[in-house]
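# Model the following, please.
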Amino acid sequence: MAWVGSTQRLDKTVEPTVGTKEVEDEKQELGCPPLGLESLRVDDTQLQSSSFQRMGLGPHRGRLNIQSGLEDGDLYDGAWCSRYEDQNQWLEVDARRPTLFTGVILQGRNSIWSWDWVHTYKVQLSNDSLFWKPCMNGTEEAIFEGNQDAETPVLALLPEPMVARYIRINPQTWFENGTICLRAEVLGCPLPDPNNIYVWETELGSKDDLDFRHHNYKEMRKLMKSVTEECPDITRIYSIGKSYTGLKLYVMEISDNPGKHELGEPEFRYVAGMHGNEVLGRELLLNLMQYLCSEYKRGNQRVVRLVKETRIHLLPSMNPDGYEAAYEKGSELSGWALGRYSYEGIDMNHNFADLNNIWWEAQEKATDKSKVSNHYIPIPEYYTSEEAFVAPETRAVISWMQNIPFVLSANLHGGELVVTYPFDCTRDWAPREHTPTPDDSFFRWLAAVYASTNQAMANPDRRICHYEDFQHHNNIINGGDWHTVPGSMNDFSYMHTNCFEVTVELSCDKFPHASELPIEWENNKESLLVYMEQVHRGIKGVVRDKDTEAGIANAIIKVEDLDHDIRTADDGDYWRLLNPGDYRVTVHAEGYIPSVRRCRVGNDPRPTICDFRLTKMPKQRLREILAKGGKIPKDLQLRLRALRLRKLRASTKAINRRRARERKARAARRSF
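Numbers count the residues shown, from 1 in each chain. Below is the predicted model of the structure:
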């Protein structure tokens, strides 16, 4: 077989050089895509090694950006580590078909206990894993530079791209205070091979005609503009604010009446890119804009119904500054943390006001817990001051939440495959503890809807991403039961507004290669659609003044046995997400007599209409009339007179009961 040693040049291949291409300021073209060690397209069985220290440091752990467990020596450590310290150790990757190998990306070991990385290494290639040919630099065997720390990815391009099936990474020198440990990705273009014993599956992709690539800020704006030009009747672009460096936070609105809140129509939002280097959510939302536009024009009834009955808001990049930093390094070279934080170094998922502990503390101090407000908890003054360390992006999103009566939301992250639901913050600062909301059953439903329809999450044979097996939890978990996050957007959204929100961790790879975006779209397309449709579950209606038929804003909707109320929007409409069942619903509004109704929620994903008409309290009506200088109507005079008589009778009864008790007490004392 003559594959090894033959060379080819790709049109987009970088001019090959021996040694490293460290992560420079300019974005680097990789030439060939990654085989998929990081994204798990490469199976554990395709990885072999000369030796390994223990199972948790086996070859299956030698994957770029894999994260370790917290316990030293556990089964899920953060690299492949050889058992012996000599120059004969190697990590081997079987591509399972002829592949044009172009480069290797290396990292050290991910661990809070150990410091290990490889300084230099060699590369060998083979067709059969028996006979190996070294990668040459002219007449000498090539030596590639590796890492100077544990986390920074370092790219080394082969002097000449070479065709083979197997590739080995052979460490030569390593950190003197450590041992041979590495995480890797291999770059290679698969080639056809009619003699391959494996029935190679057709490359997965998508039939949808979408723009599958990574978009920087300018390209994102251009794409969003093209969608509005194609579907001007159902789309609108607006900005909710700016990032620290001045990049606008653009939102795409999709609705049959863009720019207007329609009475009874729920508001939905997706937010992506809170962590700038978790980029898949950004691209999925850009794909979703294009898909909804094209399918609406095609007359897809599911999409038409969704657009006509829902006002959809898509924020693809909450942290554009962080994204630009990660994008400049590129898909495989940005590492695990670069771009995660805002320009000021703020983790926005910990940057919202911590309302949980305010609520819990108020409950502990109250003698009557029913009188403690369980919704619309105000933001503390220290948080709203100009000196507070709050990112401008966070402030912009909070203002957005306050201006639009959102009902349901999800924020899209990356680095795992799981859906988390509130509360994210634990009581008493426990590092990990199940901390449910009063709406725990519905939140579990929301999380399960997304996870069960996601092709990657729902695959029972999938490999765990890093060190947690979320399949034991059906790929959903309470946020606090994973790790505590004070000041999360999920908790803030639930406690300060009417909106229910979950977090979706979309993929093991935070920054998947562009070639993997069509697959990721297919993994998530149904989930994105079906999750939006959940905004129509539960009850909805309008709370009106019985006399004027005007909508009543800020009326409180209380559902019996659920310690979480919501409020009506400016026009008096409301939406209360609920699981199927019978509910006793009470509506309170200042100056009105409370009203109670029984509302039944069915199994169909259609809301039950529960309207309320409230009657003003006589005193409130009297105040309004007198304030306008009007005369008191006879019907109101009669109602006020009847109210005074009821109060008089009640006070008389109370006086008589008190007198009777006093007489009995005196009689008892005389009997002694």
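# For the rest of this, base every contact and every neighbour count on C-alpha atoms.
OK.
# if I look at Ser595, how far off is Arg666?
44 Å (C-alpha to C-alpha, to the nearest Å).
# Counting neighbours, go ahead and name the busier of those two.
Ser595 (16 against 11; other C-alpha atoms under 10 Å).
# The more buried one reaches Thr586, doesn't it?
Yes - the pair Ser595 and Thr586 qualifies as a contact (C-alpha atoms under 8 Å) at a distance of 5.6 Å.
# and stretch 38-57, how far out from the chain's middle?
Using C-alpha atoms, centre = their mean, to the nearest Å, the mean C-alpha position of stretch 38-57 is found 29 Å from that of the whole chain.
# so for that stretch, what's the average pLDDT?
For stretch 38-57, the mean pLDDT works out to 96.
# what's around Leu333, how many residues?
By other C-alpha under 10 Å, 25 other residues sit near Leu333.
# The residue nearest to it when sequence neighbours are not counted: what's it in contact with?
Excluding the flanking residues, the one nearest Leu333 by C-alpha to C-alpha, 6 or more residues apart in numbering is Pro153, at 5.5 Å. Contact analysis of Pro153 by C-alpha atoms under 8 Å, 6 or more residues apart in numbering lists 22-23, 105-107, 147, 332-335.
# Arg537 now?
Counting by C-alpha under 8 Å, 6+ apart, Arg537 has contacts 577-579, 604-608.
# Only whichever of these are buried, select them in PyMOL.
Restricted to buried positions by 16 or more other C-alpha atoms under 10 Å, the PyMOL selection for the contacts of Arg537 reads:
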select buried, resi 577+578+579+606+607+608
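# With secondary structure and distance to Arg168 added, can I get the contacts of Arg537 in a markdown table?
Formatted as a markdown table, the contacts of Arg537 follow (DSSP: H, G, I helix; E, B strand; the rest coil; distance: C-alpha to C-alpha, whole Å):
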| residue | secondary structure | distance to Arg168 |
| --- | --- | --- |
| Leu577 | coil | 55 |
| Leu578 | coil | 55 |
| Asn579 | coil | 54 |
| Asp604 | coil | 56 |
| Pro605 | coil | 54 |
| Arg606 | coil | 57 |
| Pro607 | coil | 59 |
| Thr608 | strand | 62 |
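# Report the two of the contacts of Arg537 separated the most.
Using C-alpha to C-alpha, the pair of these lying farthest apart is Leu577 and Asp604, separated by 13.2 Å.
# ok, now how distant is the residue nearest to Leu333 from Asp491?
Applying C-alpha to C-alpha to Pro153 and Asp491 gives a distance of 34 Å.
# any weak-confidence spans in the stretch 501-650 of the chain?
Low-confidence segments of the stretch 501-650 of the chain, defined by pLDDT under 70: 618-647.
# tell me the helices in it, going along the chain?
517-533, 618-627, 634-671 (DSSP state H, counting those that start in this stretch).
# Equivalent analysis for the chain, please.
217-230, 280-298, 301-309, 320-329, 356-365, 381-384, 392-403, 440-453, 479-482, 489-496, 517-533, 618-627, 634-671 (DSSP state H).
# tell me the contacts of Val42?
Counting by C-alpha under 8 Å, 6+ apart, Val42 has contacts 35-36, 95.
# If we ignore the residues flanking it in sequence, what's nearest Val279?
Nearest to Val279 is Phe511, by C-alpha to C-alpha, 6+ apart, at 5.5 Å.
# for Asp77, same thing?
Ser68 (4.4 Å).
# go on, Cys465?
Cys508 (5.2 Å).
# Tally up the residues packed near the one you found, please.
21.
# what residues are up against Ser493?
401, 499-501.
# same thing with Ala668?
For Ala668, no residue meets the contact criterion (C-alpha under 8 Å, 6+ apart).
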